[in-house]
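Engineer: This is a predicted model, with the sequence first.
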Amino acid sequence: MKSCAKREEDRKTFMDQVRESKENGYLLSSRKIGSGAFSKVYLGYATQEKLRQNYKLASDLRSKRHAMVAIKIISTAKAPLEYSRKFLPREIYSLNATYKHINIQLYEMYRNSRRTYLVLELASRGDLLEHINATSDRRECPGLEEEEARRLFRQIVSAVAHCHNRGIVHRDLKCENILLDERGFIKLTDFGFANRYSSKNSLMSTFCGSVPYTAPEILMSKKYNGELADLWSLGVILYAMVTGKLPFRERQPHKMIHMIKQGLSFQQPISPECQSLIQGLLQLKPGARLGLQQVATHCWMLPATSAIFQQALNATGRPPERTSRGSRQGNQSPRRPSHLLCTGRLPRPSRDGSQGPRADLCRLPPSAALARPG
Ligand SMILES: Nc1ncnc2c1ncn2[C@@H]1O[C@H](COP(=O)(O)OP(=O)(O)OP(=O)(O)O)[C@@H](O)[C@H]1O
């Protein structure tokens, strides 16, 4: 229970934030839509005056037919110095450098000695993790349909390519950092670990990310190429989207490495094209991973091929038979590497606690970030 004094302090802080936002052209609502380690995110509204002054903001909001924004408030006075001096400036730099892409959007920033305010495009439909879990529950089958996964993954790839083209690596790509707006567009968020690099070959050494999504070279504390590390995380995200599970799940980095070395496996029917794309991204050796250009033009990313697969899957519950060379035949299950299965599935008991028919459904667990300062 919060003490009276604490409640009063929170109320005063909130009133200050309302005033500071108003002075900058935004109405801050009391509806908190998220919070991070050192931040709170509120629903806000652009005032008429702001819309008159800021043409870009006005035209964007006009197309959405509302004036709502997400206002992320970072208490710089309370956050550790390293965060305020190093990570927050990088986040702001990265958001500014990537302005404006349909899948990433910082409208504006204002600040004073105590707080920094980031005015972001509102993504009102929660994050990808929630979406995967909710869809898995609705379908009674883990993961998204490949068609939907493709639509979302294309946007994610486009957003990451936009960052890389501007010399920014995200370094914390994960389902929780991909938000969805009311039109189903993804918004890449949380650039707290992002960094810029001067050359494609420059290596980084900060140990950051979230273990299940972190590239093995980072887990092994090697110097790494940020772009190639982002590609690994993209592979984990795609695997999570289509299977509703994490490919490798361990808390301890050294155990994760062990799992990764054992290899990847799929426990449910996923199209061979999608498997090949995931395998191409989840390569232990960074240099062996598919590049973003190869990802964008991979055959799974083209709708026609996989629509046929999905239709067959829906009709028979099994992947379609293939006749071409190297493909599988008849009712055989997908060819699997002989190593152990390494999925991060979390069995969910049915409501009465027994292992009912849906006991093999899983929920993707949220993953805590590593190396948060403070
Ligand atoms: N543009 C947005 N629209 C809607 N909700 C948002 C938006 N940005 C952030 N949020 C919500 O606020 C939460 C925290 O935001 P964000 O991840 O950017 O903060 P953070 O301080 O970097 O978090 P963390 O400490 O977890 O890394 C998000 O998980 C999300 O629920």
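Structural biologist: Good, I have the coordinates.
Engineer: Is there a neighbour count for the residue of the stretch 201-350 of the chain found nearest the ligand? I'd like the number.
Structural biologist: Relative to the ligand, the nearest point of the stretch 201-350 of the chain is Ser210 (9.1 Å; CB to the nearest ligand atom). In this view, the C-beta of every residue, glycine as well, is placed from N, C-alpha and C. A total of 21 residues lie near Ser210 under the criterion other CB atoms under 10 Å.
Engineer: Report the separation between it and His170.
Structural biologist: Per CB to CB, to the nearest Å, Ser210 is found 12 Å from His170.
Engineer: what does Leu282 give?
Structural biologist: Noted for Leu282: a distance of 17 Å to His170, by CB to CB.
Engineer: more crowded one of those two?
Structural biologist: His170 (29 against 24).
Engineer: Just give me the neighbour total for the closest residue to Lys100 other than its chain neighbours.
Structural biologist: Sequence neighbours aside, Lys56 is the residue nearest to Lys100 in space, at 7.3 Å (criterion: CB to CB, 6 or more residues apart in numbering). By other CB under 10 Å, 11 other residues sit near Lys56.
Engineer: And for the one 3 residues further on?
Structural biologist: Residue neighbour count, defined by other CB under 10 Å, stands at 10 for Ser59.
Engineer: isn't Arg166 right up against Ala97?
Structural biologist: Yes. Counting by CB atoms under 8 Å, Arg166 does reach Ala97; the two are 4.9 Å apart.
Engineer: Compare neighbour counts for those two and give me the winner.
Structural biologist: Using other CB under 10 Å, the more surrounded residue of Arg166 and Ala97 is Ala97, with 17 against 14.
Engineer: Pull up the gap between the more buried one and Leu281, please.
Structural biologist: On the measure of CB to CB, Ala97 and Leu281 end up 24 Å apart.
Engineer: what's the answer for Arg139, then?
Structural biologist: From Arg139 over to Leu281 (counting by CB to CB), the distance is 24 Å.
Engineer: neighbour-wise, which of the two wins?
Structural biologist: A side-by-side neighbour count of Arg139 and Leu281, using other CB under 10 Å, places Leu281 first with 23 against 13.
Engineer: And for Leu28, nearest residue in space, chain neighbours not counted?
Structural biologist: Among residues not flanking Leu28 along the chain, Ser21 sits closest, at 4.2 Å (CB to CB, 6+ apart).
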